[in-house]
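# give me coordinates for this.
(3 chains)
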Amino acid sequence: MSAAPRKFRYISSDRRVLEDRRFVVGKGNFVADIVRPNMKHVALVFSPHPAARIVKVDGSEALKMPGVQYVLAGDELAAAIQPMPNGMPTPEVKRYPLAVGQARYVGEWIAAVVADTRALAEDAAEKVKVEYEPLPFVVDGKEAFKKDAPPVHPAHGSNILLDKTFVWGDVEGDFAASPRKISFSQKWGRSSTVPIETFGVIAEWDAWREVLDVWASIQMPKYADQIAGSMRLPMNAVRVHQDVDVGGSYGVKRGIKQTVLVCYLAKKLNMPVRLIEDRLDNMRGGDAHGPERNFDVEIAFDDSGIIRSMKMEALDNVGAYAGRSPFQLGKPIGAIVGPYKIKSVQYRAIAVTSNKTVQEAVRAFGQSPTNYTIERALDEVAWALNLDRLEVRRRNFIQPHEFPYLIPSGTTYDSGDYPGLVNKVAKHADLDAVYAERDRLRAEGLLAGVGFASCLEPSGGNSAFEPLLNRQNKTTTWMDSCRIAVDALGTITATMHTTSAGQGHETLVATVVGEALEIAPEKIRVSRAHTLDVMPSNSPVGSRMAIMLGGAAFHAANKLKHKMMTIAAHDLGVSLDDLVWNEGTVSGKKNPDQKLTWNDIVLIAHRHYYRMPEDMEPGLTTQHVMQVPNGGKLPTDDDRIQMYPCFSFEFHVVLMSIDPDIGKPEFRRYVIGHDCGTVINPKIVHGMTMGGIAHGIGAALLEEFAYDDQGQLLTQSFMDYLLPSAHEVPKIEAVHQVTPSPLTVFGQKGSGESGYLGAPAAISSAINDALRPLGIKMNSLPLKITKLGDAIAAARAKEAKQ
Amino acid sequence: MKPAAFDYIRAKSAAHASALLAEDENGRIIAGGQTLMPMLAMRLARPSRLIDVARISELSYIRDEKDKISIGATTRQVMVEKSTLIAKRLPLLHKAIEWVGHPPTRARGTVGGSLANSDPAAEISLVAATLGATLRYVDETGENSISTDEYFIGPMITALPATACLAGADFPVWSEKRVGTGFEEVNARSSDFAFVSAAAQAALDADDKCARIALGIGGLGDFPVRVDIDAAKDQIEKESAVREAIAEAIADIEPLADLHATAEYRQRVAVTLAYRAVRNAVREAKELAYAN
Amino acid sequence: MRTELKINGKSHVVDVEPRKSLLDCLREDLRLVGAHAGCEHGVCGACTVIVDGTPVRSCLMLAVQAEGSEVVTIEGIAPAPGELSILQDAFCETHGMQCGFCTPGMILAAHALLRDNQEPTREEIVEAISGNICRCTGYDQIIEAVALAARRMRGRNAPDQVSA
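Numbering: from 1, shown residues only, chains lettered A, B, ... in the order given. This next block holds a predicted model:
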């Protein structure tokens, strides 16, 4: 059940992105561009040990260095602030900006030095003497889960933050009734989004006004709340400036420990203080790392490839502290069966601490690893039955007429046409030709394979995983807001209440308001308020802004329109129902000469109160606070919950070859089909999808935060953590489909994570198809060249022996 | 990531640079800085003084000296890349240079800097080792030279005397009429250092017999090496013979192992790349016959 | 150390520590903040500026080394306040960016390419920007922007076409 695509004036048209002009001339307003008078700089002292007791921190030598203002260690800071918020009910897993008593990973920040320049601060940081007593450590997730593993937080008693098994439906019954079963294990490697801008923050305390100003490269729900909480300040003493441009985030720019550290120093020293992480700070101790997840899966299916039930165990190594990272096991519950009609699911979610850098929120919040595993399951079923992998997907797809579709874990999918998009892509790609090309490559002596992934992008993010995984947490409100004001001269300013990291929110708001008011988006000014101009927002996470900010802007615009028409009706002495709105002019339906122009109404609202309806507020300002569609409920006692409201769909077809002597994989063809409902700005959606695929290529082939067995992080710089360059990303062909959501104002769904949700799965699928003739499968990401090369060589050696 | 403090001085000549090095044992030469600057930023290098040789104009040249091409130490890599003389007379270096970093680093990076830093996988070093280049330097004793066979002694370590300033490199030009080249490298991204790389230059006589073969392998051991496969010279188009000769020639090299590639990988793939480099060099030389 | 720098055609005298990179000098001493610090070790390319006609990493060059060189930064590319170069406009037309952090470096790399090569192939564009990492776009709309700008610049020079 889907609404038919609608015609729009500005929505979906190929318009420029309003933000771009400032960036192409180097006039973005990034946090490192901001200078405050007498601003001081922070450098950090970090732990060289994966686990060690901190015996002593001696900053006396450092304090004697030129330009040094202060040396701060963990004990002082911890005594003055509240610990960082903890997502899980694990009170003994405390986290502070600087280590207190014990260092728990290589790179953990032990002390902070404040000096007149960053270079001087670094000079002094070298002089801070820290005495350590090394402790036993554990870096592997499965090892950390074991009973006798060294506990990362001894007071907590184990490394287990979360171990919960969900059973939705008659899993055992469905398994027993299924003629076929398979099982497999695979691992999603520790990678992340790694924006090119590191995290940065400036804090300035005004002791006379009692206001703490914060400028930060942030993408964090409830940031100001958290600062106020940790700093023990009233929230109306914290002013976060949201007009700071964020140089990429894709989830990770959480920055709370950095912010609290700098806020404390700014207040303590009564000087503006900034911390701009350098790449080393960022990679080893910032909000840099993402999910690292071991999957163990069993699938029950029948002879025709219909999957009846699935048991999935996901063990996530979240690193040294909790934060929100265990929730990344929770979000996938809302799409745990992917686009498939799997009747019952058992899901065991385990989050463990280890002596690795802390995991933060990463694009798709855990869904991409889960999709990688669901898609592997589909491939395995097809291979087990010797069926076409696409055919098996088609047989299991939820069909267009079955929406809204309730999945076993309690979420209802809004709309979709999965076979439709798959067919379009298959036609565009000419699958027969793709297979023929694969076979031609094989005949040339290469390994070659075709990969598929058909994945969902849950969007419109709410926090439903919070009450589900932590019953003490009853948060079910996850709103976003927009205010629209028409000034006395008739121009429009729309205000949003969040930072942006390239998602084009100003364009989104202007386009939606323009659509609603029938006014060119370019004429609308969009402002990003600071947090004392209080409007609730939950920041651009969970592919939510098209739905939530777009929705709030639409409703605020409609309220404005309604107010202007009410004024006109009163002034013209007619009923509201007799009037029509046309590009801001209100006129009689029957008598078009009876009309008021936009400027006439503005004049009345701002200057001529005597013409206003009785009791109506003067001026033209409206606001809308939007709650997530379909959201707001607590989980049921049997652990079912409506997670995100809208579900975008993507389908990847990838042809890859591998030089068997070298192991280097090469893209030969990459086609993606994408359906995120009504597209608000095609340039933005296309860019996010392409960027998501590039990010997925990195996760699949190149990127990993690798550790050695001594607990040392081997990838601390861009020389070792490898981001795809233009050479590594092939030309990608995109096929679009629009299946509007019935839950949103224009039928839009989210797209901020598109591409990334399926690319790793598709690439893995292609490579395993390529390796099939050798009888081997790769069970972990990233699939680095040398890993492939060594595996191929081993398989060939084994073959030669036989 | 700010360097520790240092002084800075511009050397007027190679001899001046050498004298400045002699003054201060913690002094260090900087030219293009494309290798040194990251090391400074990470404080892995902490010189007391940087001696900038980048502006010594007499060290920037590419000269045809009949039996050799002479390249000045401060010649930017981009000049080698764009040089028609190099393309014609030193095709192996021409092929290799585009594998060095990417355009912006080649714009600043110098030939001498790459040789002086001596990364085990550096392409210019590999070509120098393969062809048996001679490196010229200036120290307190005056102008000296050293062959690449003696020059490379370890990862990022060379036999260059402590007070020496590299002045240039002389790459031999082969006199044979039919000379082909092959360059192969595998890396994660095209701008990265190679896991392993191979360079080959082959000369064929009029009867397609191999008159001369030079082969070098980079990234495998501590430094790039020239490997002798003369045993396979008479069967240069026979894959198994060439592979066998290569495998034998590299058997004693202790392969590097790191995050990016295992020792087994490097050892195995070195043979493949070396074979392919030889094959391509021979093919190219053969094609020249038809062109002439 | 007193150093005279020529930036965007104008002479500036700065007093910098020898250890200061050209990037930090541009950003801190001259407040030209369009060049960005992404990695400070020469991999990401966000700090790209043009030195003596060629794109280079300003994090891999000391400010004192730039004395006497002609440096062009992103601030020197736009023809006038509020106006865009053909290339900058093409980046807006294709949305060849998202967060905008890598954009100045990307534009300078492409600017140098188009000065030398009016008809770049896709491969040539890829090579020219391969030293600049973009984490947002997957490069597609960046490559499209450079190709579009090249087309428009050719059009501008063709006598029978209206300038772009």
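# mind listing what the spatially most central residue of chain A touches?
With distances taken as Cα atoms, centre = their mean, A:R363 lies nearest the centre of chain A, 3.1 Å away. A:R363 makes contact with A:T193, A:Y250, A:G251, A:G692, A:H695, A:G752, A:E753, A:Y756 under the criterion Cβ atoms under 8 Å, 6 or more residues apart in numbering or on different chains. C-beta: built from backbone N, CA, C; applies to glycine.
# count of residues packed around A:S183?
By other Cβ atoms under 10 Å in any protein chain shown, the residues close to A:S183 number 11.
# before we move on, what about A:S60?
Burial of A:S60 is recorded as 10 neighbouring residues (other Cβ under 10 Å).
# and what of B:D170?
Neighbours of B:D170 (other Cβ under 10 Å): 21.
# is chain B contacted by the worst-scoring helix or strand of chain C on mean pLDDT?
Scoring the helices and strands of chain C by mean pLDDT, DSSP states H and E places helix C:140-157 at the bottom, with a mean of 93. No. If you take Cβ under 8 Å from any Cβ of the partner chain as the test, helix C:140-157 misses chain B, and the best it gets is 13.8 Å.
# cool, stretch A:729-748 as well?
No. Stretch A:729-748 stays clear of chain B (Cβ under 8 Å from any Cβ), getting no nearer than 10.7 Å.
# for that stretch, buried residues please.
Buried residues in stretch A:729-748, counting neighbours by 16 or more other Cβ atoms under 10 Å in any protein chain shown, are found at A:729-730, A:732, A:734-741, A:743-748.
# pick out the residue in the stretch 51-200 of chain B sitting closest to chain A.
Proximity of the stretch 51-200 of chain B to chain A (Cβ to the nearest Cβ) peaks at B:S190, 4.7 Å away.
# wait, I meant chain C
Closest residue of chain C to chain A, Cβ to the nearest Cβ: C:G34 (2.2 Å).
# for that residue, list the residues it contacts.
By Cβ under 8 Å, 6+ apart, the neighbours of C:G34 are A:V25, A:G26, A:K27, C:T73, C:I74, C:E75, C:P104.
# and the spatially most central residue of chain C, what pLDDT?
Central residue of chain C (Cα atoms, centre = their mean): C:L108, 1.9 Å from the mean position. At C:L108, the pLDDT value in this model is 98.
# how about the strand or helix carrying B:P104, does it reach chain A?
B:P104 is located in helix B:103-108, with elements delineated by DSSP states H and E. No. Using Cβ under 8 Å from any Cβ, helix B:103-108 stays clear of chain A, coming no nearer than 11.6 Å.
# contacts for that helix next, please.
Residues beyond helix B:103-108 that count as contacts (Cβ under 8 Å, 6+ apart) turn out to be B:32-34, B:76-78, B:81, B:97, B:100, B:191, C:42, C:45, C:48, C:51, C:54-57, C:60-61, C:109, C:127-128, C:130-131.
# could you point out which element follows it?
Heading C-terminal from helix B:103-108 (DSSP H and E), you reach helix B:111-117.
# wondering if that next one reaches chain A at all.
No. Legend: contact between helix B:111-117 and chain A by Cβ under 8 Å from any Cβ is lacking; minimum distance shown is 13.9 Å.
# not counting that helix itself, show me its contacts.
B:29, B:31-36, B:53, B:59, B:71-77, B:80, B:100, B:122-125, B:128, B:135, B:151, B:156, B:158, B:160, B:166-169.
# buried subset of those?
Buried members of these, counted by 16+ other Cβ under 10 Å: B:29, B:31-36, B:53, B:59, B:71-77, B:80, B:100, B:122-125, B:128, B:135, B:151, B:158, B:160, B:166-169.
# give me the subset of those residues touching chain C.
Among the buried ones among the contacts of helix B:111-117, chain C is touched by B:G33, B:Q34 when using Cβ under 8 Å from any Cβ.
# assign the nearest residue to the residue nearest to the centre of chain A once chain neighbours are set aside to helix, strand or coil.
Nearest residue to A:R363, sequence neighbours excluded (Cβ to Cβ, 6 or more residues apart in numbering or on different chains): A:Y250, at 4.2 Å. Secondary structure, DSSP: H, G, I helix; E, B strand; the rest coil: A:Y250 is coil.
# and A:Y250, its phi and psi?
phi 60, psi 30 (degrees, to the nearest 10).
# just A:P400 next, same as before
According to degrees, to the nearest 10, A:P400 has phi -50, psi -40.
# can you give me the neighbour number for it?
Residues near A:P400, counting by other Cβ under 10 Å, number 15.
# now the closest residue to chain C within chain A: how far from C:I74?
Closest residue of chain A to chain C, Cβ to the nearest Cβ: A:G26 (2.2 Å). As judged by Cβ to Cβ, to the nearest Å, A:G26 and C:I74 stand 4 Å apart.
# shared neighbours, the two?
Residues touching both A:G26 and C:I74 by Cβ under 8 Å, 6+ apart: C:G34, C:A35, C:P104.
# now for the helix or strand the last one falls within, which elements pack on it?
Which is C:P104. Using DSSP H and E, C:P104 falls within helix C:103-116. The contact analysis (3 or more Cβ pairs under 8 Å, 6 or more residues apart in numbering or on different chains; DSSP states H and E) places helix C:103-116 against helix A:20-24, strand C:48-51, strand C:54-57, helix C:86-94, helix C:122-129, helix C:140-157.
# which of the ones you listed is buried the deepest?
strand C:54-57 (a mean of 28; mean count of other Cβ atoms under 10 Å in any protein chain shown).
# in the helix or strand that it is followed by, what counts as buried?
Following strand C:54-57 in sequence order, the next helix or strand is strand C:70-72 (DSSP H and E). Across strand C:70-72, burial judged by 16+ other Cβ under 10 Å covers C:V71, C:V72.
# list the strands paired with strand C:70-72, with their directions.
strand C:2-7 (parallel), strand C:48-51 (antiparallel) (DSSP bridges).
# is it possible to export those to JSON lines including mean pLDDT?
Output for those, formatted as JSON lines (pLDDT from 0 to 100):
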{"stretch": "strand C:2-7", "mean pLDDT": "97"}
{"stretch": "strand C:48-51", "mean pLDDT": "98"}
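# including distance to B:G109, could those strands go into CSV?
Shown next, in CSV, are the strands paired with strand C:70-72 (distance: least, Cβ to Cβ, whole Å):
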stretch, distance to B:G109
strand C:2-7, 22
strand C:48-51, 13
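# how about these, which one is nearest B:S118?
strand C:48-51 (25.9 Å; Cβ to Cβ).
# near chain A at all, the longest helix along chain B?
Assignment by DSSP state H gives helix B:263-291 as the longest helix of chain B. Yes. Using Cβ under 8 Å from any Cβ, helix B:263-291 reaches chain A at B:E264, B:Y265, B:R268, B:V269, B:T272, B:L273.
# show me which of those residues are buried.
By 16+ other Cβ under 10 Å, the residues of helix B:263-291 next to chain A give B:Y265, B:R268, B:V269, B:T272, B:L273 as buried.
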